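Visitor: Below is the structure, and that's it, no one-letter string:
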């Protein structure tokens, strides 16, 4: 491929070609590129557009498109302002609102995914007609723009919203009919570069005045732009013109003198003689604090023609891609990836085009070499600049091939080989290799293609497998150990070779393994048969060793025996025939006979039963302190464990109150039991004075027990003496009550009496006590 380059500058008043230039993108009047297709703003029923309507206090109350309030309009003249209903360069716009009052409000919300690789500025071009009743600003008709997040919250109220209120400012507004103030088409830019990859919502809203008597409506279109400086001159010039993105306020300055403003226009023209960096500060028209800065190296600007191509439709057409770009020296790209804007093609086949990058295939008459010319250009204020590239392109030929065996023995397999293409698709198993092996007779097809160049052809080949036959030795087989088995591979007019080196058509086998025979017919075609032989081995059933079971336990005897193949039967000592047998509730001798088609074998087991131990150490009891108690858990043949101190004796002597637990263990497990033992103070309560005066209070001398506790008394005695040692009263009843009289009923005089008391309990507790008691009779 040969490439030749030429460059030239054509002044704007000269004509070099009689063709119409095709520009890849729209240009705004200022010269900066604007994309109107980034938001389908006029498709009010689109999937990413929400139309709403309501009233001043609730503008988003209802959802839907209301004709006359959400309206797509074409070119025309507004009846109040006299302005065009669409901006220059457009054939449609959206009118939001109408000339009907009543405190109406309307809104349209566009959902947009920010991709700064494409655009990072949203442009609102708008014109408004607002009646001006001179209400307070909060009640005035207005037109608003808001950037929202997915929750309908403003992303940045300072830099992402605009509120155009009737009468708020007079700059750029004129008076119209019916007491309106009108704004001619104006563009406002919103920087959304901070939201790359995010989904944002663009909401525009019109409001009538809140007191209901005055209307408001606005026209708008939406577009997108890049945050970059556009160059408006080309060639080897002394001055270069630059334009910033539309819709902002501007301040141009040099990097070496940042405080000196060169210009406040959107476009600036500077000399190329210096090496300083040119900066532009673009600020939001509604808030000067919202701004961004762009910069560029001031240099000359040339077109750099270049293109690539792909051969298609089987080398009969070529698809071209114009990759021309901008160069600072006309030799290498400047790194901005900015495309040229003018193109002229001569395809070398007698046809030409001014389409920037043809999106259709260009046809060619056949294989051969063709000379293609591309002239790429860019616009300049003093004339356009052009660069030319010549390339020689050769179109090759497509010649598919298919070769292979057509008559083969089955065991050899047929191999087909296709060639001349890049991709292959066979009718056999949809194989995509260039060669395949086929196992059967028949006709096979292959689709040979060069997909990249759209070349396709289909070829076929027929193959016959000679004397296709099979060797049948039967299914894998199992026989008894004491029997042989004959394998028969007989096939007409054939020879045989077994893997045991036999050459007979039949062999008798007596051992396990795989047996293989190769059978070859009179045409030299071979096939193989294989069979696996298994011999039933002798087996020995096993239902377990003799064992002992605990009371209520069951034992499942399982006669399943490994090594048995085929039908199996079972016969137990009670003539049952299940594979398993459950032993319960008594022991004894159990046996089973297991049989298959070759053998019958038996096994026997003896089973004994034992019971869990029973333990009794008595009921819960209460004892006097020091009273002895023996807890006896004796159960012959078992072990013991007292949880209180870890003792392993068969008895335990409690010394203090508590719960006493013993575990008795044997072959069949462990039985635990507990007893609650309480020791307490068994002292009695004896008064030292009583008053037998018949008033019902303390009339008798008697003993009491702590906490009204009653002892299991075995013996009791009390003796009472006067001051001279004479016995005046005695009793052997622990519940005695002395009323101050002798046993004979004689009243004793008041005074101090001496007593002696003794008692014993059945548990072995004994006490001897003595003391005095004073008898006082009341004075009558």
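Guide: Thanks, I have it. This structure is a prediction, so every number in the text was calculated from the model and none was measured. Residues are numbered from 1 along each chain as shown.

Visitor: and residue 220, what element?
Guide: When secondary structure is defined by DSSP states H and E, residue 220 falls within strand 216-225.

Visitor: tell me what that strand is packed against?
Guide: strand 93-98, strand 121-131, strand 142-148, strand 199-207 (3 or more C-beta pairs under 8 Å, 6 or more residues apart in numbering; DSSP states H and E). Where C-beta positions appear, they are placed from N, C-alpha and C, glycine not excepted.

Visitor: now it: mean pLDDT?
Guide: Throughout strand 216-225, pLDDT has a mean value of 97.

Visitor: low-scoring stretches of the stretch 501-650 of the chain, by residue?
Guide: For the stretch 501-650 of the chain, the stretches with pLDDT under 70 are 563, 565-566.

Visitor: still on that earlier bit, redo the helices and strands packed on strand 216-225 as JSON lines? Include mean neighbour count and distance to residue 610.
Guide: As requested, these are exported to JSON lines (neighbours: other C-beta atoms under 10 Å; distance: least, C-beta to C-beta, whole Å):
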{"stretch": "strand 93-98", "mean neighbour count": "24", "distance to residue 610": "98"}
{"stretch": "strand 121-131", "mean neighbour count": "25", "distance to residue 610": "93"}
{"stretch": "strand 142-148", "mean neighbour count": "21", "distance to residue 610": "85"}
{"stretch": "strand 199-207", "mean neighbour count": "22", "distance to residue 610": "80"}
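
Visitor: can you redo those strands as a markdown table with mean pLDDT?
Guide: Output for the helices and strands packed on strand 216-225, formatted as a markdown table (pLDDT from 0 to 100):
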| stretch | mean pLDDT |
| --- | --- |
| strand 93-98 | 98 |
| strand 121-131 | 96 |
| strand 142-148 | 96 |
| strand 199-207 | 97 |
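
Visitor: Next, the angle strand 142-148 makes with the strand holding residue 220.
Guide: For strand 216-225 against strand 142-148, the angle by axes from the mean of the first three to the mean of the last three C-alpha atoms, to 10 degrees is 40 degrees.

Visitor: For the stretch 351-500 of the chain, give me the ranges with low pLDDT.
Guide: 381-382, 411, 452-453, 467-468.

Visitor: again with the stretch 1-150 of the chain
Guide: The stretch 1-150 of the chain contains residues with pLDDT under 70 at 1-37.

Visitor: which ones are touching residue 358?
Guide: By C-beta atoms under 8 Å, 6 or more residues apart in numbering, residue 358 lies in contact with 319-320, 322, 345.

Visitor: Looking at those, which is nearest residue 431?
Guide: The nearest member of the contacts of residue 358 to residue 431, counting by C-beta to C-beta, is residue 319 at 30.5 Å.

Visitor: about what we covered before: what packs against the helix or strand following the strand holding residue 220?
Guide: Downstream of strand 216-225, the first helix or strand assigned by DSSP H and E is strand 230-231. For strand 230-231, the elements it packs on are strand 239-243, judged by 3+ C-beta pairs under 8 Å, 6+ apart.

Visitor: on contacts alone, who are the packing partners of the strand it packs on?
Guide: strand 230-231, strand 267-271.

Visitor: Can you mark which positions in it are buried?
Guide: 240-243 (16 or more other C-beta atoms under 10 Å).

Visitor: Now render those residues as CSV, adding distance to residue 188 and pLDDT.
Guide: Formatted as CSV, those follow (distance: C-beta to C-beta, whole Å; pLDDT from 0 to 100):
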residue, distance to residue 188, pLDDT
240, 28, 89
241, 24, 89
242, 21, 90
243, 17, 93
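
Visitor: returning to what we had before: mind putting the helices and strands packed on strand 216-225 in a markdown table, distance to residue 110 included?
Guide: Conversion of the helices and strands packed on strand 216-225 to a markdown table gives the following (distance: least, C-beta to C-beta, whole Å):
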| stretch | distance to residue 110 |
| --- | --- |
| strand 93-98 | 10 |
| strand 121-131 | 9 |
| strand 142-148 | 10 |
| strand 199-207 | 4 |
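
Visitor: For residue 349, which of those strands is the nearest?
Guide: So among those, strand 121-131 is nearest, using C-beta to C-beta, at 42.4 Å.

Visitor: count of residues packed around residue 45?
Guide: Residues contacting residue 45 under the criterion other C-beta atoms under 10 Å number 7.

Visitor: for it, helix, strand, or coil?
Guide: coil (DSSP: H, G, I helix; E, B strand; the rest coil).

Visitor: Need phi/psi at it.
Guide: phi -100, psi 10 (degrees, to the nearest 10).

Visitor: Hmm, it is touching residue 65, no?
Guide: Yes - the pair residue 45 / residue 65 is scored as a contact, 6.7 Å apart, by C-beta atoms under 8 Å.

Visitor: Contact partners for residue 196?
Guide: Taking C-beta under 8 Å, 6+ apart, one finds 114-116, 120 in contact with residue 196.

Visitor: Which of those residues fall within strands?
Guide: Using DSSP state E to define strands, no part of the contacts of residue 196 is located there.

Visitor: Let me have these in CSV, extended by distance to residue 410 and neighbour count.
Guide: Formatted as CSV, the contacts of residue 196 follow (distance: C-beta to C-beta, whole Å; neighbours: other C-beta atoms under 10 Å):
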residue, distance to residue 410, neighbour count
114, 67, 19
115, 62, 13
116, 66, 15
120, 70, 22
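
Visitor: Pick the most deeply packed of the helices and strands packed on strand 239-243.
Guide: strand 230-231 (a mean of 22; mean count of other C-beta atoms under 10 Å).

Visitor: quick one: average pLDDT of it?
Guide: 84.

Visitor: strand partners of it, parallel vs antiparallel please.
Guide: Here strand 230-231 has these sheet partners by DSSP bridges: strand 239-243 (antiparallel).

Visitor: ok and the following helix or strand past the strand it pairs with relative to strand 239-243, angle-wise?
Guide: Using DSSP H and E, the helix or strand that follows strand 239-243 in sequence is strand 249-254. Put simply, strand 249-254 runs at 150 degrees to strand 239-243, going by the same axes, to 10 degrees.

Visitor: Distance from the chain centre to strand 249-254, please.
Guide: Relative to the centre of its chain, strand 249-254 is centred 50 Å away, using C-alpha atoms, centre = their mean, to the nearest Å.

Visitor: Tell me which other helices or strands that strand touches.
Guide: Short answer (3+ C-beta pairs under 8 Å, 6+ apart): strand 249-254 packs on strand 277-284.

Visitor: How far away from the center of its chain is the next helix or strand after the strand it packs on?
Guide: Once strand 277-284 ends, the next helix or strand along the chain (criterion: DSSP H and E) is strand 287-297. Taking the mean of its C-alpha atoms, strand 287-297 sits 42 Å from the chain's own mean (C-alpha atoms, centre = their mean).

Visitor: Give me the contacts around strand 287-297.
Guide: 156, 158-159, 191, 193, 227-229, 231, 242, 244, 248-249, 255, 277-284.

Visitor: That one: which residues count as buried?
Guide: For strand 287-297, using 16+ other C-beta under 10 Å, the buried residues are 290-292, 294, 296.

Visitor: quick one: it to strand 277-284, angle?
Guide: Using the same axes, to 10 degrees: strand 287-297 against strand 277-284 is 160 degrees.

Visitor: what pairs with strand 287-297, and is each one parallel or antiparallel?
Guide: Going by DSSP bridges, the partners of strand 287-297 are strand 277-284 (antiparallel).

Visitor: Run the angle between the strand it pairs with and strand 121-131 for me.
Guide: Going by the same axes, to 10 degrees, strand 277-284 makes 40 degrees with strand 121-131.

Visitor: By neighbour count, which bits of strand 277-284 are buried? Give me those.
Guide: Applying 16+ other C-beta under 10 Å to strand 277-284 flags 278-284 as buried.

Visitor: Now distance to residue 101 too, for those, in TSV please.
Guide: Shown next, in TSV, are those (distance: C-beta to C-beta, whole Å):
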residue	distance to residue 101
278	50
279	48
280	44
281	42
282	38
283	36
284	32
